[in-house]
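Student: what's the 3D shape of this:
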Amino acid sequence: MGSAKFSRRTGLIGAAAGGLSLTGGGILGSASATEVHWTDDLDELTLFAFDQVSIPSVQNLKLEMRNPVKHPDNPVVPRGEAGSVDSWAVQFYGSVIKVGDKYRMWYCAVSAEEREEHTGSSTSALWRVAYAESTDGVNWVKPNLGLVEFRGSKNNNLVLMDPPIGVLNVKVLHEPDDHPSRRYKMGCHVYWDNRGNRHGTLAVYGSPDGLNWTSLTDIEPINGEMAVDDLLIPALHAEPVGGLYKWKGTYHSTGQNGNPAVRPIHGRVGRTWESGDFEQWQQTSTMTWVRHQQHTLLGPGRSLEGEQQHEGISVWNRGNVLLGVTGQWHGDASWQNVTIDLGFLVSNDGLHFREPANEWTFIPRGQDGTPEATVANPSFETLDDDGWPVSWTLDANRAQTAAASTERARTGTTSLRVENVVGTSVGVRTPKLPAEEGVEYTAKVWTFTDSGTPAQLFMEFFDASGRRLANHFVQPEASDDWQEVTFAATAPAGTATLNVMLYGATGAAGVSFHDDVSLSWPGSGDGVAEWDRGGLLQGQGFENVGDQTLVYYGAWDPRVNIPGVPLPPRGGVGIAVLPKDRFGDLTVDLRAEGDGAYQIPEVTSEFVTASVVLGRRHRSPKFFVNAEGLGAQAKLRFELLEHDYTPIPGYSGDNAAVVDIDGFRTPIAWARSRGRRLPEKIRIRGYFDGEQNTDIKLSAIYIA
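Tutor: Residues are numbered from 1 along each chain as shown. Next up, the predicted model:
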């Protein structure tokens, strides 16, 4: 047997093929608790760097997760124009699937006009399933399907549901080898009437083309809701189809409910319901995912509070492993402080999910910030040829006195001087700014009182026709120094625009100066208010497009759920972008190297996979690696081992394969394998070699 030499920089050198292994040859011959199975219906296995079941054994390596970048064109599917089927909501509790050369999307749509007409009545029937498509995954169109009549016309992108039912969450599977009527399968979160309460449940539909859908069970919806006799899962409130997938012949629907569990859990519990045929669903469910904070019970009446999971798990089924995106609910006693980010999960058994990195946020909600469309010329510094502040309007039909003044200024050199006498009024307004019903706006101004009563600060709200719907104001106290005056008001139903006004009332008299006017929503802050602020929704949309991975998601700001205030329009579909399959990387960890009491002079950075069960039909596979940072001084070296860790001749020692070229799918080739068939069970051992091995990032290994 040849000699062996260990070094962090070069790894294992000179071991005879079939001889020495780092685990002691055949000593560790007991069966592994976990194996990666390659079944006949799979084309490829993927071993992700973050999957600690597929790659359980590592030495001097660490995991670094990657955050995707939000696409600059977000939202790539926005709400529709006034009068359209989705003018109020494009809710992406939905799906994206590539079929042939086309990307197909299903989402939930609501019309603003219909919501306005149905105020005070059940709105379940207003939630419909809409469709969009794309040739590149980024640029989407809403085709005119001509299937469903909406407000007297079939010129829209609604899919046909038979019978019609209100859908709050929709997930779609494509199984082209199934019966033509079931090639597309749809799981729906719908409502049912539980003694006057709207509770969630599951409905299932099938389709030959993804556009014309028929219920797979005998249901007769009432006002867009399931009848109690038609329920497929127990008659308890549930919010299913956060995700929909088939795993080892069984259909799974993930979602949430707060029903009792074997172990008491606080709040929104992640659950999975199962079915063998997609029509008959088991009356039991599996607790699939909860966050560790949920093991602390906060008690009844506190369901909004605490850290929780939200709406189950949207799943990317990679054949041997499931990747998942879930809501990270940041709770509070009041809706006004509840926010939601998206977390990342993985599963190897189809039922139980875990975090690769504890409490790691995969996609964060957008910034609140101060919107761009705010007060123009807020400090009255820019004047026109007549010396009047640009963008501000002086009421023309009243005897009033207001002008730019350099007598006093809080910032810059100019402020607005308002002089008023009893019996007259003074109004100076901004242009009308875009606004949305249900949103709370905050107006601010700095005021200095020279004499008498200072001018008031107003907000006025208008509908699309320009009709004033409401106005709100605050009367500042007189002050001989600059003081900040602020107040907040919520836009009423039908709001399209608002303005800010400085107003001297008819019954008051005084001279006041005003500077630095601002308007913000939903709160003040730095930067630009983003479309996905407040909360995110996990849609089931994952696609590898070229050298990128696209993750589709939706938006919902829970902070606008204010009692007594109509909900504002919501949603849109966004994309988060990663380099292809690079969710996380194994990289070199040198913390064990050194002269310390718990260190050694040099370390070797390596990993060993779980046993991969090739079976009898896949014993001459091809291997690829997704990695970067490689070069002459930074190489990945791969060996193949028996299940019992014995090196396989031709694939190990001096015959190990070396990869020194970056790529998303770089071949791993063993020069002396000579086409030998491999055993039914193998392991892969990899080394991070070279003086610059700390540059290496290993994202995934593929066996094809």
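
Student: all contacts plus neighbour counts: C-alpha atoms, from now on.
Tutor: Fine.

Student: Run through who's touching the host helix or strand of G554.
Tutor: Per DSSP states H and E, G554 falls inside strand 548-555. With CA atoms under 8 Å, 6 or more residues apart in numbering as the test, strand 548-555 has contacts from 91-93, 96, 137, 531-533, 535-544, 570-581.

Student: now it, how far from the centre of its chain.
Tutor: Centroid separation between strand 548-555 and its chain, computed with CA atoms, centre = their mean, to the nearest Å, is 7 Å.

Student: And for stretch 341-350?
Tutor: 13 Å.

Student: Stretch 666-680 now?
Tutor: Relative to the centre of its chain, stretch 666-680 is centred 40 Å away, using CA atoms, centre = their mean.

Student: List of residues touching that stretch?
Tutor: 613-616, 619-620, 622-626, 638, 642, 649-651, 655-659.

Student: can we see that at 7 Å?
Tutor: Here stretch 666-680 makes contact (CA atoms under 7 Å, 6 or more residues apart in numbering) with 613-616, 619-620, 623-626, 650-651, 655-657, 659.

Student: tell me the mean pLDDT over the strand holding G554?
Tutor: The average pLDDT within strand 548-555 is 98.

Student: Pull out the buried residues from it.
Tutor: Of the residues in strand 548-555, T549, L550, V551, Y552, Y553, G554, A555 count as buried by neighbour count, 16 or more other CA atoms under 10 Å.

Student: Would you reformat those residues as CSV and include distance to Q633?
Tutor: Output for these, formatted as CSV (distance: CA to CA, whole Å):
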residue, distance to Q633
T549, 29
L550, 32
V551, 34
Y552, 38
Y553, 40
G554, 43
A555, 45
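
Student: closest to T413 among the residues you listed?
Tutor: A555 (42.3 Å; CA to CA).

Student: ok, and the closest non-adjacent residue to the closest one?
Tutor: Of all residues not flanking A555 in the chain, L536 sits nearest, at 4.3 Å (CA to CA, 6 or more residues apart in numbering).

Student: circling back to that earlier point, filter the contacts of strand 548-555 down to the buried ones, ChimeraX style.
Tutor: Remark: buried members of these, expressed as a ChimeraX selection using 16+ other CA under 10 Å:
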select :91,92,93,96,137,531,532,533,535,536,537,538,539,540,541,542,543,544,570,571,572,573,574,575,576,577,578,579,580,581
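
Student: Among the contacts of strand 548-555, which lie within strands?
Tutor: Among the contacts of strand 548-555, the subset assigned to strands under DSSP state E consists of 91-93, 96, 536-544, 570-571, 573-579.

Student: check contacts around the closest residue to P356 other than its chain neighbours.
Tutor: Nearest residue to P356, sequence neighbours excluded (CA to CA, 6+ apart): F50, at 5.8 Å. Contacts here follow CA under 7 Å, 6+ apart; on that basis F50 touches L63, P356, G584, D585.

Student: Helices of this structure, residue ranges please.
Tutor: Using DSSP state H, the helices found in the chain span residues 112-117.

Student: what residue ranges in it score low on pLDDT?
Tutor: Residue ranges of the chain with pLDDT under 70: 1-33, 119-121, 369-374, 396-400, 522-528, 563-565, 673-675.

Student: Which of the buried residues of strand 548-555 sits closest to W482?
Tutor: A555 (39.9 Å).

Student: my read: Q282 touches S275, true?
Tutor: Yes - counting by CA atoms under 7 Å, Q282 does reach S275; the two are 6.0 Å apart.

Student: Quick check: the two most widely separated of the contacts of stretch 666-680?
Tutor: Within those, R616 and V659 form the most distant pair, 27.8 Å apart (CA to CA).

Student: Name the residue in those two with the higher neighbour count.
Tutor: V659 (21 against 14; other CA atoms under 10 Å).

Student: Look at Q282 and S275 and report which has more neighbours.
Tutor: S275 (16 against 13).

Student: Tell me which stretches of the stretch 351-500 of the chain form strands.
Tutor: 361-363, 393-394, 401-405, 415-420, 426-429, 433-434, 440-452, 456-462, 468-474, 483-490, 497-504 (DSSP state E, counting those that start in this stretch).

Student: cool, the stretch 151-300 of the chain as well?
Tutor: 160-162, 169-174, 184-194, 197-207, 212-215, 239-247, 250-257, 269-275, 286-289.

Student: What pairs with the second one, parallel or antiparallel?
Tutor: Read that as strand 169-174. strand 184-194 (antiparallel) (DSSP bridges).

Student: Tell me how many other residues surround the residue lying closest to Q280 once chain neighbours are set aside.
Tutor: Closest residue in space to Q280, ignoring its immediate chain neighbours: L232 at 7.0 Å, by CA to CA, 6+ apart. The number of residues packed near L232 is 18, by other CA under 10 Å.

Student: Now do the contacts for I661.
Tutor: L630, G631.
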